[in-house]
Every structure is written in structure tokens, then in C-alpha cells.
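Okay, structure incoming, though there's no sequence with it:
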């Protein structure tokens with residue numbers, strides 16, 4: 001009755017006609033009477049009336065306290081006509097009453113947009129605005145009813161708020177009724193008098209998730225890949241949402257038990273009583289969720305919920321209470337209810353649960369043994385563990401339950417429900433001491449609001465296009481080309497660069513051989529580096545044989561250096577060469593320590609008796625001798641004509657040299673990664689020391705398979721710039737590449753699925769909005785009463801705007817078929 005009355009207020013003013021008898025001739029308007037601080041409810045005003053309107057002095061006035069968003073106001077109110085006619089008026093000879101005069105007083109107040117605190121003789125009423133404000137305050141600011149009422153009292157009298165009568169209990173009762181009425185209207189049940197809301201009917205679900213019969217075409221089985229239309233749920237518990245035992249549970253009155261997100265209490269209690277919790281063997285237990293098990297004063301130690309894993313929308317009729325911590329019997333009930341929510345003919349369901357490894361073992365057995373659990377026919381359950389929780393599991397769980405390896409999972413972390421608990425926890429202290437029914441309604445309201453706020457569509461294309469328009473077009477084109485080249489870049493080896501330069505070689509002096517000469521210079525530098533490394537590894541007191549070997553290497557290297565400089569004179573047409581690299585300075589942080597832990601000093605640190613000591617009159621030793629290269633020459637206009645081409649060729653060869661060095665580094669780190677896993681991982685006393693830069697570390701793909709945060713991992717760039725065929729000749733390197741390749745392929749597959757899913761979800765979202773619009777259009781067409789039709793049209797327009805906004809934002813991005 002009340003929801004129908006509220007809908008009548010949606011219609012336009014009826015041109016002054018009485019809403020009950022259809023006649024014109026209203027005597028007073030409500031706004032005028034409010035200004036006179038008197039409320040006279042004249043629901044019908046036949047003209048001329050059979051009996052003149054009694055004078056205000058002849059009416060029985062009743063005090064009515066009306067609560068506005070700015071505080072309460074007190075009025076004198078009277079109902080001069082109707083079944084509750086005051087005695088002073090009834091003594092007068094009978095009057096003719098119109099059909100609408102038989103209505104009760106509380107309906108008179110509702111038509112004036114005042115919600116009465118009681119029905120028979122209301123003395124307090126709340127405006128619709130103040131009730132809407134309270135619900136929004138509770139949702140956005142997590143304001144309790146007591147805090148909100150205290151605000152109203154202070155608005156009325158900030159100096160002496162205690163003088164305002166206490167109507168806290170009335171606010172609690174009226175707000176519950178108001179919330180229930182508004183929800184029934186919003187979900188169309190005031191338009192359908194022959195249908196009452198069933199389980200989950202007063203809940204809003206995700207528009208982007210595939211739902212047969214709602215946002216999928218009738219031919220979806222033929223047009224979509226099987227993995228594309230899959231239920232993807234994440235399950236988790238919250239131990240902050242506790243509930244205390246009620247002193248008088250028999251006084252509790254439920255308005256929407258099981259109609260929203262919380263499950264129906266009766267069947268769920270029966271399931272808990274008849275279920276037996278099986279204790280898993282400790283050898284397979286990765287986690288235990290038993291918080292608040294010993295709280296004797298708690299009726300519920302928390303809640304368990306199921307939400308869509310991709311968008312974080314709570315699933316209707318799938319939130320359960322915990323009695324003794326998080327048990328499988330609790331989560332089984334939630335999961336089974338979620339799987340039955342629009343899932344017609346969907347063949348698979350991804351269930352992400354932090355203990356899915358142990359939950360999934362006997363799940364089907366528990367369902368078959370229970371009278372209260374059931375699953376859709378032929379559905380395939382794919383258990384998985386969220387990426388954050390998986391890092392704490394055993395290594396055996398990683399290949400079996402990682403989202404990286406499950407087809408159809410896309411790129412999700414499986415932890416989105418954790419983010420929903422943060423705002424949810426702010427209302428838990430308030431809901432802790434509520435009655436069971438009131439707490440259920442409050443939790444439903446906040447979950448409904450959480451889902452509602454996800455319907456908005458944020459545009460990223462607009463800001464991108466605005467920024468693009470504000471920048472120089474030439475720079476934009478340059479950056480695009482650089483990005484394309486970077487994506488396709490493959491660094492050439494030194495041999496490839498040498499071949500290219502040799503084929504195109506034409507020296508400025510008419511001679512060839514500059515490339516070979518530059519290669520010899522680079523090789524001499526490498527030999528100098530190798531010789532310094534060999535000397536650095538000598539003991540502090542080397543033997544005569546060791547010293548002799550080093551001197552022979554020095555002499556051979558020095559001969560190569562002299563010959564190189566002789567060729568340099570030819571290449572530069574006999575020009576006097578100056579400048580040079582000076583003494584070579586090795587970076588101590590990049591000089592590896594030997595396996596025995598001994599530290600070898602650098603050249604500058606060697607003592608007087610060192611092998612590197614050469615006396616004051618001797619030339620520099622070969623390992624630190626100056627070597628002239630074109631890039632080291634001083635800048636001179638005359639020399640530039642000769643040296644500049646050589647510098648360009650040297651630069652190209654240096655790039656190849658760097659690429660070759662990175663290839664060797666990649667192989668070395670790959671070898672050490674496999675050795676670390678196979679031989680050193682169990683030995684805690686062995687210290688594996690990483691190099692200085694972040695990229696110069698062992699590959700965690702091999703050493704830490706189940707670590708957190710692998711969704712966007714990639715090998716350092718120098719691992720991927722060259723062909724790995726030569727590296728695969730090593731058995732260890734082949735194993736290293738195998739692991740990295742399989743994981744890289746899995747990441748690529750998940751991101752490809754993610755792209756396809758997002759493109760389809762755009763389309764499904766628009767179709768979901770259009771489905772809502774069509775349902776409200778149908779209700780508008782079927783409505784006879786003006787108020788019902790006006791509200792239905794308003795709702796249809798809202799959903800049409802959602803659909804239009806989605807089409808505008810997703811244009812050119814979505815996909816309707818596989």
C-alpha cells in the first residue's frame with residue numbers, strides 16, 4: 001500500500017483536481033497551512049460541500065512534530081473529515097464525505113511527503129528529504145542513526161540540543177521501512193503487484209559479467225569461445241563484520257530476509273546445523289582461517305562473500321555469516337548460491353579462494369552429501385588462489401592454482417574482494433550490536449551501493465585526445481615512430497655490424513682496412529681487460545712461474561699495441577696523434593670475488609712488491625698502456641676530416657661490442673640462476689651476491705616460482721635483444737630458457753584474454769543497460785496510474801543515458817563476437 005502511495009507522488013499536479021473524486025475546487029494548499037503552523041488535511045474538496053468547513057477553533061488540534069533535514073518543526077494538525085473525525089465536529093449534523101475520506105491518517109501524511117512514525121495517531125513525521133539524507137549519509141559518510149539524529153537536534157537548538165525530544169528509536173524504525181520501500185520501488189515490485197521479491201531480487205549485480213538472458217545474445221553458445229563466457233568469482237571472509245548475540249531475538253522483525261546480498265537466515269541455519277566440518281590433514285594445509293573462534297558473546301564472528309573477480313561486484317544472495325571462524329561449510333553455501341545466479345548453460349566457473357588448494361579437494365563430495373547444496377548441471381569448477389596469497393603457499397600450489405596458467409582467467413590478481421572490505425569495515429562497529437534483521441538490511445544496503453557506484457563509465461580517451469591536441473604534431477609523430485621502432489628493435493651483434501661496415505667500406509684516403517684496424521683495437525682493449533683480471537687473481541706472493549707467464553703475456557700484448565699504432569699512422573695519413581684513454585680504471589664493484597672469498601686489489605692498490613710494479617724509468621705495462629682510438633683523439637678542424645669517418649665506424653662497432661658483452665652477461669646470470677636453484681637453494685650458508693644494477697640479478701622465474709607480482713614481469717632488456725640459439729647449447733641455459741619461455745607465453749596468453757574480455761565486457765555492459773531500460777519501458781506501457789508511469793519513464797530514461805554514455809565511450813573499442 002505504502003509503495004503505491006509513494007509512486008502516486010511521482011505524477012504531475014492534477015490541474016487542481018481532487019486525486020480521489022476527480023472534482024476541482026481545493027480550498028487550501030498544504031504550503032499555505034504549513035506557513036500558518038497548522039496542518040488541515042482535506043483529501044477531497046467537493047464544491048459546494050454539504051457541510052461548511054469548520055472554523056479552526058472548532059477543530060480538534062493535535063501536535064505533530066515534522067523532521068526536516070534542518071531539524072524538527074512542531075505543527076498543530078487536524079483531520080476534520082473521515083473515520084477519525086473529532087467529537088466536536090461529529091456533533092454537528094452529518095456531512096457528505098467523498099470516497100477518499102475513508103483513508104487512514106498515515107496515508108494522508110504520505111501524500112504530503114511526510115512519513116509518520118506510527119499509524120493510528122501519528123505525533124511525529126519525517127520528511128522524505130530527511131530520510132533520503134540519512135540513507136546517503138550512512139552510505140557515503142558511514143553515519144550512524146544516533147549521530148544523524150544528534151545533528152538534527154543541533155540544527156534545531158545548537159545551544160541546548162538536549163531540550164529537543166528524543167526520537168532516535170522512531171528514526172531507526174522509519175528509516176528501515178523507508179529503505180525497504182525505496183528498494184522495492186527501484187526494483188519494480190511496486191509496479192508488479194502480483195509478484196513479491198524473492199532471494200536476491202532486491203540486489204544489483206555486475207553489468208559487465210556475462211549473464212545469459214540478460215546481456216548475452218541468444219546465439220552466444222555459437223558465437224563465443226567457451227572460455228569467454230565463464231563465471232569468475234572471488235571468495236573471501238571478513239572477520240571485522242561481527243555480530244553480537246541478541247537479548248530478545250524473538251522481538252526481531254525482518255523486512256527483507258534474503259532479498260538482497262545476505263542469504264536467507266532459516267535455510268542457512270539448517271545447513272550449518274546438519275553439516276559436519278571435515279578437518280584436512282596438516283600436510284596439505286596452506287592456511288587456516290579461524291579468527292574469532294572463541295568469542296562466546298558473538299552470534300557471528302564475521303561474514304563470507306562471493307564477488308565477481310573482474311569488477312568486484314557482490315553476488316546477490318551469496319553473503320553468509322561465520323559462526324566459528326571461516327569454515328568450508330560456510331563458504332560452500334556462499335559459492336553454491338553464487339554459481340546458481342544467472343548461470344544458465346554456462347559450462348565453467350573460476351573460483352578464486354585463498355585456500356582453494358584445500359577447499360577444492362572434497363568440494364563435490366560435500367555438495368553431493370548435503371540436502372541444501374547444489375550446483376548447475378555439468379559445470380566445471382576451476383579452483384585458483386589469488387596472486388598475493390599464493391606467494392605464501394607451498395611450491396606445489398603454484399603450477400596448479402596460479403591464475404597465470406588458467407585459460408580464460410585473463411589478467412586479474414584475484415584479490416579485489418580485499419579492497420571492498422576497507423570501506424565495509426567502517427560500518428562494522430555500528431552494525432555489530434544491531435538486531436539480526438537490521439544488520440542484514442544495513443549490510444545489504446552498503447553492498448548494493450558498492451555495486452551501484454561501479455556502474456559509472458570513466459573516459460580515458462578524452463583526456464588523451466586533449467593532451468595530444470595541445471602538443472606539437474611533429475613531436476607526436478616522432479614519439480610514435482620511436483615507440484614503434486623500440487617495439488621492433490633487435491640489437492645487432494658485433495660480427496653483423498663488422499660485416500655491414502666491411503661491405504660498404506670506402507676510406508677517405510682510398511685505402512681499405514679501417515674496419516679491421518678498429519676491430520683489432522677493440523680486441524686489444526679486451527686483452528688488456530683480461531690481463532688485468534688475471535693479475536688481480538694472483539696471490540699476494542706469486543711464484544716465479546706465475547710471474548713469468550704474466551710477463552710473456554705482457555710482451556705479446558705490447559707488440560700488438562705497437563703494431564696497432566703503426567697502422568694508425570697509415571689510417572690517418574701520418575698525422576700526429578695525441579690524447580688517449582689514460583690509465584684504465586676498473587670499477588671495484590664490478591670486479592667479482594673469487595670463490596674462496598679472497599679480495600684482490602686493483603692496479604692502483606698494489607704495493608711496491610707487486611707484479612705490477614715496474615720502476616720509475618720503465619714504460620707503462622701493456623695492460624694499462626695508452627691505446628689511441630679515433631673516439632679518444634682531441635678535436636681539431638684539420639683532423640676532423642680524417643678522423644670523423646673513423647669515429648662513426650668505431651661507434652657502430654662499439655654498439656656491437658656492448659651487445660656481445662650483454663649476451664655473455666645474460667648467459668652467465670642464466671647459469672648462476674639454475675645453479676642456485678639446483679645446488680645452492682637448500683644451503684643457507686652460501687651467499688649469492690647480486691651485482692650492482694637491478695637487472696644484474698639471477699632470474700627469479702627460476703629461483704622464486706611462486707613469488708607475488710608476476711603478472712607484468714619480463715626479463716631485463718639485454719636478455720631479449722639477440723637470438724638465444726647459441727645459449728641453448730648449454731643444458732642449464734636450455735632449462736633457464738624453457739622456464740622463462742613458458743611463463744612468458746602464459747603472461748602473453750593472459751593479456752590476450754584480458755584484451756578480448758575487456759572488449760566484450762564493453763558490449764555486455766551496454767546490453768545490460770539496454771535490458772534495464774527495456775524492462776522499465778514495458779512497465780511504463782503497462783502502468784495505468786500516472787505516478788507509476790512517470791516513475792517508470794524516469795527509470796527508463798536513466799538507464800538509456802547509461803547505455804548512451806557507454807556506447808559513446810566504447811565506440812570503436814568493443815567486440816560483439818569472438
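Received it, and whenever you're ready, just let me know what you need. Everything quoted here is computed from the prediction, not taken from an experiment.

Show me where the protein has its strands.
When assigned using DSSP state E, the strands of the chain occupy the ranges 38-40, 62-68, 71-78, 114-116, 124-127, 231-238, 243-244, 298-300, 302-308, 320-322, 348-353, 380-384.

Present the ones you listed as TSV; the columns should include mean neighbour count and distance to residue 628.
For glycine as for every other residue, the C-beta is placed from the backbone atoms N, C-alpha and C. Output for these, formatted as TSV (neighbours: other C-beta atoms under 10 Å; distance: least, C-beta to C-beta, whole Å):
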stretch	mean neighbour count	distance to residue 628
strand 38-40	20	105
strand 62-68	19	92
strand 71-78	18	92
strand 114-116	24	95
strand 124-127	22	93
strand 231-238	25	66
strand 243-244	19	84
strand 298-300	18	83
strand 302-308	26	69
strand 320-322	26	79
strand 348-353	23	65
strand 380-384	19	63
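
neighbours around residue 271, how many?
Residue 271 has 20 neighbours, counted by other C-beta atoms under 10 Å.

hmm, I was thinking of residue 155
Every residue meeting other C-beta under 10 Å relative to residue 155 is counted, giving 15.

do you know how far it is from residue 148?
Distance, residue 155 to residue 148, using C-beta to C-beta, to the nearest Å: 11 Å.

quick revisit: as CSV, the strands of the chain with distance to residue 163 would be great.
What follows is the strands of the chain, written out as CSV (distance: least, C-beta to C-beta, whole Å):
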stretch, distance to residue 163
strand 38-40, 23
strand 62-68, 13
strand 71-78, 11
strand 114-116, 23
strand 124-127, 16
strand 231-238, 41
strand 243-244, 33
strand 298-300, 38
strand 302-308, 41
strand 320-322, 41
strand 348-353, 55
strand 380-384, 60
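
Nearest to residue 342 among those strands would be which one?
Closest of these to residue 342 is strand 231-238, at 9.4 Å (criterion: C-beta to C-beta).

Averaged pLDDT, that closest one. What do you get?
In this model, strand 231-238 has an average pLDDT of 94.

Partner strands of that strand and their direction?
Strand 231-238 pairs in its sheet with strand 302-308 (antiparallel), strand 348-353 (parallel), by DSSP bridges.

so the shortest one versus strand 380-384, what angle?
Yep, that's strand 348-353 we're talking about. Counting by axes from the mean of the first three to the mean of the last three C-alpha atoms, to 10 degrees, strand 348-353 lies at 30 degrees to strand 380-384.

ok now do the residue nearest to residue 265 when sequence neighbours are not counted, which residues does it touch?
Nearest residue to residue 265, sequence neighbours excluded (C-beta to C-beta, 6 or more residues apart in numbering): residue 257, at 5.7 Å. Residue 257 makes contacts with 264, 265, 266, 437, 440, as judged by C-beta atoms under 8 Å, 6 or more residues apart in numbering.

Read off the pLDDT value for the closest residue in space to residue 770 that isn't next to it in sequence.
Using C-beta to C-beta, 6+ apart and skipping the chain neighbours, the partner closest in space to residue 770 is residue 803 (5.0 Å). Per-residue pLDDT puts residue 803 at 91.

Near residue 803, how many other residues are there?
20.

which one of the contacts of residue 257 sits closest to residue 299?
residue 265 (11.0 Å).

list the contacts for that closest one?
Here residue 265 is in contact with 254, 257, 258, 436, 440 (criterion: C-beta under 8 Å, 6+ apart).

cool, residue 451 as well?
Contacts of residue 451 by C-beta under 8 Å, 6+ apart are 203, 204, 205, 206, 313, 314.

As a check, name the ranges of all helices in the stretch 51-200 of the chain.
Assigned by DSSP state H, counting those that start in this stretch, the helices in the stretch 51-200 of the chain fall at 87-90, 105-111, 128-140, 145-156, 168-186.

Assess the claim that residue 346 and residue 233 are in contact.
No - with contact defined as C-beta atoms under 8 Å, residue 346 does not count as touching residue 233 (11.6 Å).

ok, now how distant is residue 513 from residue 567?
The gap separating residue 513 from residue 567 is 8 Å, by C-beta to C-beta.

what's the answer for residue 358, then?
Using C-beta to C-beta, residue 358 is found at 73 Å from residue 567.

Compare those two (neighbour count), which wins?
Taking other C-beta under 10 Å, residue 358 and residue 567 do not tie; residue 358 has more neighbours (18 against 15).

Which one of the contacts of residue 451 is nearest to residue 413?
Using C-beta to C-beta, the contacts of residue 451 come closest to residue 413 at residue 313, 16.2 Å.

My read is that the closest one contacts residue 232, right?
No - using C-beta under 8 Å, residue 313 is not in contact with residue 232, being 11.2 Å away.

Find residues that contact each of those two.
residue 209.

Give the buried residues for stretch 320-338.
For stretch 320-338, a neighbour-count test (16 or more other C-beta atoms under 10 Å) marks 320-338 as buried.

Check stretch 354-370 too.
Neighbour counts using 16+ other C-beta under 10 Å place 354, 355, 356, 357, 358, 359, 360, 361, 363, 366, 367, 370 of stretch 354-370 among the buried residues.

Surely the fourth one and residue 400 touch.
Which is residue 357. Yes - between residue 357 and residue 400 there is a contact under C-beta under 8 Å: 7.3 Å.

one step back: pick out whichever of the contacts of residue 451 sits closest to residue 144.
Distances from these to residue 144 were compared by C-beta to C-beta; the smallest belongs to residue 314, at 22.1 Å.

so what's residue 807 up against?
Here residue 807 is in contact with residue 766 (C-beta under 8 Å, 6+ apart).

how far away is it from residue 763?
10 Å.

what ranges of the stretch 601-750 of the chain fall below the confidence cut-off?
601-619, 633-640, 666-667, 669-738 (pLDDT under 70).

quick revisit: could I get the buried residues of stretch 354-370 as TSV with distance to residue 561 and pLDDT?
Converted to TSV, the buried residues of stretch 354-370 look like this (distance: C-beta to C-beta, whole Å; pLDDT from 0 to 100):
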residue	distance to residue 561	pLDDT
354	65	92
355	68	92
356	66	92
357	65	91
358	69	91
359	71	93
360	70	92
361	71	91
363	75	93
366	80	92
367	81	93
370	86	90
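
Provide the contact partners of stretch 367-383 at residue level.
Residues beyond stretch 367-383 that count as contacts (C-beta under 8 Å, 6+ apart) turn out to be 267, 270-271, 274-275, 332-333, 336, 339-340, 343, 346-351, 353, 356-357, 359-360, 363-364, 366, 401, 406, 408.

go with 7 Å
For stretch 367-383, the external contacting residues (C-beta atoms under 7 Å, 6 or more residues apart in numbering) are 267, 270-271, 275, 332-333, 336, 339-340, 343, 347-351, 353, 356, 360, 363, 366, 401, 406.

cool, stretch 207-220 as well?
223, 229, 308, 311, 342, 344-346, 455, 761, 764-765, 767-769, 771.

same check, this time on stretch 396-410
With contact meaning C-beta under 7 Å, 6+ apart, stretch 396-410 is reached by 227, 230, 286, 350, 356-357, 382-385, 387, 390, 412, 414, 705-706, 710, 746-747, 750, 753-754, 757.

now swap in stretch 516-527 and tell me
Applying C-beta under 7 Å, 6+ apart, the set of residues contacting stretch 516-527 is 498, 557, 560-561, 564, 567, 571, 627, 629, 649-650, 653, 657.

Many thanks, have a good one.
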